[in-house]
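K.L.:
Got a sequence here, can you build the structure:
(chains A, B, C and D)
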Number of protein chains: 2
Amino acid sequence: MSKRLEKTNSIIQAVLSVLATEGTQKLSMRKVAEQLNMTLSNLQYYYKDKDQLLVAAVAYFFKLCQEDVEQTWTELKDHKDLSLEEFVRGMLALLLVGPESQERFLLFKEIRSLALRNEELQRAMDQYYTDYCDWFVTLWSAFSSQPESIVALLVPYTEGYGIVGNTLPLEREQLIDLLTPIILKLK
Amino acid sequence: MSKRLEKTNSIIQAVLSVLATEGTQKLSMRKVAEQLNMTLSNLQYYYKDKDQLLVAAVAYFFKLCQEDVEQTWTELKDHKDLSLEEFVRGMLALLLVGPESQERFLLFKEIRSLALRNEELQRAMDQYYTDYCDWFVTLWSAFSSQPESIVALLVPYTEGYGIVGNTLPLEREQLIDLLTPIILKLK
DNA sequence: ACAAAATTAGGTCAATTGACCTAATTTTTC
DNA sequence: GAAAAATTAGGTCAATTGACCTAATTTTGT
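P.N.:
Below you'll find the model as predicted:
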């Protein structure tokens, strides 16, 4: 990894850190530089304006998420002794993020908030979700003849769960019990 | 309705209008006053700071939504001649909002963005969703013995659909075809 | 050692914003 | 018609922010 790449990565991590701890409204170039013990000038040497910084940070974040899902998928797949049902339950447990992934989901919310009035970010997010769905379809196609249905069910559901999950009349475990047979029937 | 109430209502409508057209970041006391052809001083005569204004606006918005929901409730009640399947399909068609309800959904997103770093608004939203789920459970309990499951399925799904609905591998009609039998099986 | 890359220091500038304030005037209410 | 409520006018003040700039210095790669 080139020095420049190392640096831009650390910058972007600082952006995400500020975003997670203080939110969109308080995210400024100065604050990011401060967190890195870096000069504002130097930060601007790498990202000449805030927009470029945000776009880069969002791209980085999406890449991280995709890698996470990919890793869990292969881990579950390597578990040859898992039944299909156990596999589905494992995926659901991953997707219906509990309090452990709170920060990540908080970041999702902040980024959504940023993208709301930023066309470039909006496009980037749409692209991310499209790619994510495509990829997810190919994964499920190993188990089902209608992977599109599974994806079209799971992706919006997990998004929505992150928003209203704590106000539902069922607990997370019950949701997994509810969803698992539905997925299994989409063979 | 008292004069004061009329005025505060018009103020709050202006807040929502600015929120819908320009978004959270560009919402300022001055802009709201400007939209009302009102002095900043006068606006501050009614709401002494921005927080009070936001809290009032969000409460108003939720009340509107609740009223909508209530109206749909009575409309559904009057339609006694619908088959269960038609009923479910109709409900799904309503919930999977198309471009027609864009503005309302945009407002939802903006308010979510506001609430992200405002505990009072956060509590208000949670309360709104909880009430909404309760109401929805009572509605479905007329058709199913597990209305909680239906609600726990539909509410997050429709939330998520509003976010990622346009990037899914299935069209809206196909989604309704997919979801209807799932709901019908939860009897 | 030399050139390029990275970094610091230190600034300017215009714009926005929330929070305050007072005095005068108009409108409403009773 | 008098008191209360609503409204205007006009301001101040401190803080933040993004964007921009230049000159000097240090670090790194080769």
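K.L.:
pLDDT score assigned to the nearest residue to A:Ala56 once chain neighbours are set aside?
P.N.:
Sequence neighbours aside, A:Ile12 is the residue nearest to A:Ala56 in space, at 5.8 Å (criterion: Cβ to Cβ, 6 or more residues apart in numbering or on different chains). C-beta coordinates here come from the backbone N, C-alpha and C atoms, glycine included. Predicted confidence (pLDDT) for A:Ile12: 97.
K.L.:
do A:Glu100 as well
P.N.:
Per-residue pLDDT puts A:Glu100 at 68.
K.L.:
Which neighbouring elements make contact with the biggest helix by length in chain A?
P.N.:
The single longest helix within chain A, with elements called by DSSP state H, is helix A:50-78. Taking 3 or more Cβ pairs under 8 Å, 6 or more residues apart in numbering or on different chains; DSSP states H and E as contact, the helices and strands that helix A:50-78 lies on are helix A:3-22, helix A:29-35, helix A:84-95, helix A:102-115, helix A:119-140.
K.L.:
can you redo those as a markdown table with distance to DNA strand C and mean neighbour count?
P.N.:
Formatted as a markdown table, the helices and strands packed on helix A:50-78 follow (distance: least, Cβ to the nearest atom of the strand, whole Å; neighbours: other Cβ atoms under 10 Å in any protein chain shown):
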| stretch | distance to DNA strand C | mean neighbour count |
| --- | --- | --- |
| helix A:3-22 | 4 | 16 |
| helix A:29-35 | 8 | 16 |
| helix A:84-95 | 37 | 17 |
| helix A:102-115 | 16 | 19 |
| helix A:119-140 | 19 | 16 |
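K.L.:
need the contact list for the spatially closest residue to A:Gln122 that is not a sequence neighbour.
P.N.:
Using Cβ to Cβ, 6+ apart and skipping the chain neighbours, the partner closest in space to A:Gln122 is A:Ala115 (4.8 Å). Residues in contact with A:Ala115, defined by Cβ atoms under 8 Å, 6 or more residues apart in numbering or on different chains, are A:Val58, A:Leu121, A:Gln122, A:Ala124, A:Met125.
K.L.:
Identify the farthest-apart pair in those.
P.N.:
Spanning the widest gap among the contacts of A:Ala115 are A:Val58 and A:Gln122, at 10.3 Å by Cβ to Cβ.
K.L.:
Hmm, the residue nearest to A:Ala56 is touching A:Leu54, no?
P.N.:
No - the criterion here is Cβ atoms under 8 Å, and A:Ile12 misses it with A:Leu54 at 9.8 Å.
K.L.:
Let me see the confidence value for the most centrally placed residue in chain A.
P.N.:
Taking Cα atoms, centre = their mean, the centroid of chain A lies closest to A:Cys65, which sits 4.1 Å from it. A:Cys65 is assigned a predicted lDDT (pLDDT) of 86.
K.L.:
Next up, the contacts around it.
P.N.:
Applying Cβ under 8 Å, 6+ apart to A:Cys65 gives the contacts A:Arg104.
K.L.:
please redo it, this time with the cut-off set to 7 Å
P.N.:
Contact analysis of A:Cys65 by Cβ atoms under 7 Å, 6 or more residues apart in numbering or on different chains lists nothing.
K.L.:
Look at A:Lys105 and report its pLDDT.
P.N.:
Let me fix one detail, which is that residue A:105 is Phe and not Lys. pLDDT at A:Phe105 comes out at 86.
K.L.:
Quick check: nearest residue in space to it, chain neighbours excluded?
P.N.:
Closest residue to A:Phe105 apart from its sequence neighbours, by Cβ to Cβ, 6+ apart: A:Gly162 at 4.8 Å.
K.L.:
For the one you found, give me its contacts.
P.N.:
Contacts of A:Gly162 by Cβ under 7 Å, 6+ apart are A:Val97, A:Phe105, A:Phe108.
K.L.:
so the second one sits right up against A:Val97, yeah?
P.N.:
Yes - checked against Cβ atoms under 7 Å, the pair A:Phe105 and A:Val97 is within contact range at 5.4 Å.
K.L.:
Distance-wise, check the closest residue to A:Phe62 other than its chain neighbours relative to A:Met91.
P.N.:
Sequence neighbours aside, A:Tyr128 is the residue nearest to A:Phe62 in space, at 4.5 Å (criterion: Cβ to Cβ, 6+ apart). The gap separating A:Tyr128 from A:Met91 is 19 Å, by Cβ to Cβ, to the nearest Å.
K.L.:
Which secondary structure state does A:Ser144 sit in?
P.N.:
Using DSSP: H, G, I helix; E, B strand; the rest coil, the secondary structure recorded for A:Ser144 is coil.
K.L.:
which one of the contacts of A:Gly162 is nearest chain B?
P.N.:
Looking at the contacts of A:Gly162 and their distance to chain B, the nearest is A:Phe108, at 9.9 Å (Cβ to the nearest Cβ).
K.L.:
OK, contacts around the closest one?
P.N.:
Neighbour list for A:Phe108: A:Gly162 [criterion: Cβ under 7 Å, 6+ apart].
K.L.:
Quick check, pLDDT for it.
P.N.:
For A:Phe108, the model assigns a pLDDT of 91.
K.L.:
Please report how far it lies from DNA strand D.
P.N.:
Taking Cβ to the nearest atom of the strand, to the nearest Å as the measure, A:Phe108 and DNA strand D are separated by 21 Å.
K.L.:
Equivalent analysis for A:Ala59, please.
P.N.:
Distance from A:Ala59 to DNA strand D, by Cβ to the nearest atom of the strand: 18 Å.
K.L.:
Report how many residues lie close to that residue.
P.N.:
Each residue near A:Ala59 was counted by other Cβ atoms under 10 Å in any protein chain shown, and the total is 15.
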